[in-house]
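Q: Provided below are the primary sequence and the corresponding predicted coordinates.
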Amino acid sequence: MRIVPINSVREGHFLGKTIYDTDGRVLLKQGVLLNGPLIDRIKKLGIQTIYINDEFSDNVIEEIIKPEIKLRAVKSVKNIFEQLKGKADIPSAADKIGRSTMHKIQDQQMEIMIDVSSSIVDEVLSNSNTMINLVDIKTADNYTYEHSVNVAVLSLVLGIELGLNRNQLNNLCVGALLHDLGKAFTPREILAKPGRLTDSEFKIIQEHPVKGYEYIKDNPYVNPSVKVIVYEHHEKADGSGYPRGIRDEEIHLLAKILSVVDVYDALTSDRPYRKAVSPNEALELIMGSAGRHFNFDIAEAFVRKVIPYPVGSLVKLSNGDVGVVESVMPNFPLRPTIKIIRQNNISVDMETVDLMKESNLVVEGMQYEIPNHSIPYYLKNFK
């Protein structure tokens, strides 16, 4: 299995991971043979990258949490946003549906979030030694909800690395699921704007931590740590963040954790105004901001847990060879085992290279196309 930009997917590839629609229903099942109409259908969903199985890679990439748990979490986050859609702020929401009704809805929402979070924490704890290996696939319409769930899962992996206890992990997970709740009150045309935001539009975006906090601040079901995460997740270590511009020592530990993961997942996702960057580029940007935007120790711990060249990604080596990452040794993420692909007009030669044993070779970076991958399948002679 390897991850491929949708524009590089060809007819004859097999889908590596099931694709779901915006309501969590199966749209295309894992293993389906992709053709032109199906590829166009995926593009219309706003999906920019997918996992495929082809002649170059048939390995399995394990999920950190079960797909059904992830889908339930995405749907739960989406339901909260849907219930708040069209409301400008908390007072307007209360005026439209009544305060007592709103409080009942909030209580139900938070009970569901706490229950979903418990399931996610259980799953991640059962895989507590896991490295962050996969790049998740997101649809354009569901981005905010899928992003919130991804941030929850990755925050837990980092929280475990930092030695948080179960109670802290539960609060971290709930806070991650709710961290962008204030965006439910942000006009969609600003959130989905393809170009650069104006100063006034960016000020509106900067209001979302406050609006999210105001929505949950009086709810007895929500732990105070969760409320602080929602409020502080855009604060920066050097005081240049928002909404209060507080510095590293003043920012809550759980908010510091979430801020690193939030940026990583956003960077590795396609957005209306820019394409996703590769995991290794995102890690470089995070480490470059350690001590300024992020707490240095937390950023360093995160980098230890993320595989910069995930299994299934296409990479280029220092000798010019191109191959698919097959496996990665814990503690040695820059020295993976790679299946090298060499081909000419009539044949393809595959060779496995273990960079743990080939000290003269290094990964230079991600590759998005297999060179000369235009040979008809029936002409290929695999060695």
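A: All right, it came through fine. Numbers count the residues shown, from 1 in each chain.

Q: quick check: next helix or strand after the helix or strand containing residue 215?
A: Using DSSP states H and E, residue 215 maps to helix 208-216. For helix 208-216, the succeeding helix or strand toward the C-terminus, using DSSP H and E, is helix 224-232.

Q: and that following helix, what does it pack against?
A: Judged by 3 or more CB pairs under 8 Å, 6 or more residues apart in numbering; DSSP states H and E, helix 224-232 is in contact with helix 166-178, helix 208-216, helix 253-267. For the C-beta atoms, the positions are set from N, CA and C on the backbone; glycine is no exception.

Q: for the next helix or strand after the last one, which helices and strands make contact with it?
A: Right, the one you point to is helix 253-267. As assigned by DSSP H and E, the chain's next helix or strand after helix 253-267 is helix 279-288. Helices and strands touching helix 279-288, by 3+ CB pairs under 8 Å, 6+ apart, are helix 253-267, helix 296-305, strand 363-366.

Q: ok, residues contacting helix 279-288?
A: With contact meaning CB atoms under 8 Å, 6 or more residues apart in numbering, helix 279-288 is reached by 135, 260, 263-264, 267-268, 277, 294, 299-300, 302-303, 306-310, 313, 365-366.

Q: that one: which residues count as buried?
A: 279, 280, 282, 283, 286 (16 or more other CB atoms under 10 Å).

Q: give the bridge partners for the residue nearest to residue 363 when sequence neighbours are not counted, please.
A: Leaving aside its sequence neighbours, residue 363 sits nearest to residue 315 (CB to CB, 6 or more residues apart in numbering; 5.0 Å). In this entry, residue 315 is beta-bridged to residue 323, residue 366, by DSSP bridges.

Q: okay, now residue 160: neighbour count?
A: Per other CB atoms under 10 Å, the neighbour tally for residue 160 reads 19.

Q: quick one, the helix or strand hosting it and helix 253-267 angle?
A: Residue 160 is part of helix 143-161 when elements are defined by DSSP H and E. Interaxial angle of helix 143-161 relative to helix 253-267 (axes from the mean of the first three to the mean of the last three CA atoms, to 10 degrees): 130 degrees.

Q: now do helix 143-161 against helix 224-232, angle only.
A: If you take the same axes, to 10 degrees, helix 143-161 sits at 120 degrees to helix 224-232.

Q: returning to what we had before: please identify the most buried of the helices and strands packed on helix 279-288.
A: helix 253-267 (a mean of 23; mean count of other CB atoms under 10 Å).

Q: and that helix, average pLDDT?
A: For helix 253-267, mean pLDDT is 96.

Q: put the alpha carbons of that helix into PDB.
A: Extracted C-alpha coordinates of helix 253-267, given in PDB (Å, rounded to 0.1, in the frame of the first residue of the first chain):
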ATOM      1  CA  LEU A 253       0.400  21.900  29.500                       C
ATOM      2  CA  LEU A 254      -2.400  20.200  27.600                       C
ATOM      3  CA  ALA A 255      -2.900  23.300  25.400                       C
ATOM      4  CA  LYS A 256       0.900  23.200  24.600                       C
ATOM      5  CA  ILE A 257       0.600  19.600  23.500                       C
ATOM      6  CA  LEU A 258      -2.400  20.200  21.300                       C
ATOM      7  CA  SER A 259      -0.900  23.300  19.700                       C
ATOM      8  CA  VAL A 260       2.000  21.200  18.200                       C
ATOM      9  CA  VAL A 261      -0.300  18.500  16.900                       C
ATOM     10  CA  ASP A 262      -2.800  21.000  15.600                       C
ATOM     11  CA  VAL A 263      -0.200  22.600  13.400                       C
ATOM     12  CA  TYR A 264       1.200  19.300  12.200                       C
ATOM     13  CA  ASP A 265      -2.100  17.900  11.000                       C
ATOM     14  CA  ALA A 266      -3.100  21.200   9.400                       C
ATOM     15  CA  LEU A 267       0.300  21.400   7.500                       C
END
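
Q: which strands and helices sit next to that helix?
A: Applying 3+ CB pairs under 8 Å, 6+ apart, one finds that helix 253-267 contacts helix 143-161, helix 166-178, helix 224-232, helix 279-288, helix 296-305.
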